[in-house]
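# give me a 3D structure for the following:
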Amino acid sequence: MNGERLLAAILLAALAGCAGPGAETPSDLPVAGFPEGGASRVDEPLPTGDAPVAEPAAEPASTRESTLKEAIAGADRVVLRTGGTCHREEARERVLFQSEDPVEIRRVSGLLVVMESSRPGRCMCCGGPTIEFRRDGTLLADLGLQHGALLRWPGGWHGDGPLTIESREALAHWLADHGSTEALDQWERDRGEVLARGARWRMLYSRMPPALVAVFEKGTDPDGFLAALREILPDPVDRAVLALRLHGTGEGTWIKNFGLDYALEEKVFPDLGPGTLREAVGAVPIDPALADGAARWVFEGELLKDLLPAMAARVLPVIGERALAHPRVYNRRQTLSVLGGYGSEEALVLLRRFFRGEIPHRALDPDLVEEYFDGYLPPQLGDIYMDFSDRAYAALLLARLDDRECLEEIRSMRATAPPEDELALDEALDLLSE
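All right, here's what the predicted structure looks like:
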């Protein structure tokens, strides 16, 4: 079981639907996943999203899992029943499956791969179904499934133990084969989000310096993450370079907070200050990873006007092109909006190139198509949410800047425009005809 699968499993378990009003949820959700690999500015360059990622070292066996396997080692019967492990109504419960076959007992035991949690939580649901292991009629362990993703073992461990992704899927199929389909239904609903979340965390893993691995393994919060960064990377520019690389990781929609976003935006960036972040952008060659983070910082935060003119002239062509090529529609629209409000020659060049189709957007990794995020979305207001195409929006922004270089191309586009682009292009032509 590698580190990224562990992290994805923990995150999935917390987001499997068990949280509700008054629910206890796992409080050890990491601010980040910290694999081996990566470096600071003063070492070797951090890998980009396209670089090969070293496989993290194997992790020690889970205390929960080893405790469970020891407890059920002598089982001579496995029972699958309806209902959970608390507030039981035994008269209404049904036995769905039972077996005394040692092979089947070992098979079921092997499906139960449970991860550690330094500060375990517990949802308020009773859960179900429940798998019981018995010996000579005596109950050795009763394991209630919570939302298809966690196991509860009263008297065995504290809180709910998150299943690994592989374990969750395999167990869901076994349960369905024996008369309980809820876990498989939940898995089919969650699968795309789970894999996307895991893929994004793997990318974060690839960019973290090894010294942060231990911090993650102990469990941390945003303040602890900031403290660890300050200790491990005492040079503020080094910290800023790493923070920007992490901020742009995962090809996500910028306003859909994920993983490290809160810690970076609310703790690390304010601690660094805009001057240090600007210095970081100019301190090293801008590779794709740094460009993604700098683009998000500048365009999502609408900070382009805060850059010094000389720096903006140098970095804008790089981060602007990277942002305009982003696979997420919102990010492209937000970038267009900021460029249109800035209006420098570098911004105009980017808008023209985008309008002419010279900056195609990147293909999205199939594992990243579905997007799970933390928090909420702001109201969807303004031009960036309108139905017209990206290209029509670029034409409109150029017209608002009274840039006539593309006038004939805009007229040509209007002649064959689909209905959703007509109003934007008409407005653009009206502005350019004044």
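
# so which residues of the chain form strands?
77-81, 95-99, 130-135, 138-146, 150-152, 160-162 (DSSP state E).

# and those as CSV, adding mean neighbour count and distance to residue 170?
Where C-beta positions appear, they are placed from N, C-alpha and C, glycine not excepted. Shown next, in CSV, are these (neighbours: other Cβ atoms under 10 Å; distance: least, Cβ to Cβ, whole Å):
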stretch, mean neighbour count, distance to residue 170
strand 77-81, 20, 15
strand 95-99, 15, 16
strand 130-135, 21, 13
strand 138-146, 20, 13
strand 150-152, 28, 13
strand 160-162, 29, 15
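
# out of these, which gets nearest to residue 341?
strand 160-162 (44.6 Å; Cβ to Cβ).

# so what's residue 171 up against?
Counting by Cβ atoms under 8 Å, 6 or more residues apart in numbering, residue 171 touches 111-112, 145, 163, 183.

# one more time with 10 Å, if that's ok
108, 111-113, 131, 145, 148-149, 151, 163-164, 183-184, 187 (Cβ atoms under 10 Å, 6 or more residues apart in numbering).

# quick check: it vs residue 91, distance?
27 Å (Cβ to Cβ, to the nearest Å).

# what's the single longest helix in the protein?
Assignment by DSSP state H gives helix 182-206 as the longest helix of the chain.

# what is the distance between that one and the centre of its chain?
Its chain's C-alpha centre and that of helix 182-206 lie 9 Å apart, by Cα atoms, centre = their mean, to the nearest Å.

# and stretch 169-180, C-alpha only, in PDB?
Presented in PDB, the C-alpha positions along stretch 169-180 are these (Å, rounded to 0.1, in the frame of the first residue of the first chain):
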ATOM      1  CA  GLU A 169     -14.000  -1.600  -4.000                       C
ATOM      2  CA  ALA A 170     -13.300  -5.300  -3.500                       C
ATOM      3  CA  LEU A 171     -15.400  -5.400  -0.300                       C
ATOM      4  CA  ALA A 172     -18.300  -3.700  -2.100                       C
ATOM      5  CA  HIS A 173     -18.300  -6.300  -4.800                       C
ATOM      6  CA  TRP A 174     -18.200  -9.200  -2.300                       C
ATOM      7  CA  LEU A 175     -21.100  -7.700  -0.300                       C
ATOM      8  CA  ALA A 176     -23.100  -7.300  -3.500                       C
ATOM      9  CA  ASP A 177     -22.400 -10.900  -4.400                       C
ATOM     10  CA  HIS A 178     -23.900 -11.900  -1.100                       C
ATOM     11  CA  GLY A 179     -27.100  -9.800  -1.000                       C
ATOM     12  CA  SER A 180     -26.000  -6.300   0.100                       C
END
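
# buried residues in it, which are they?
Buried residues in stretch 169-180, counted by 16 or more other Cβ atoms under 10 Å: 169-172, 174-175, 180.
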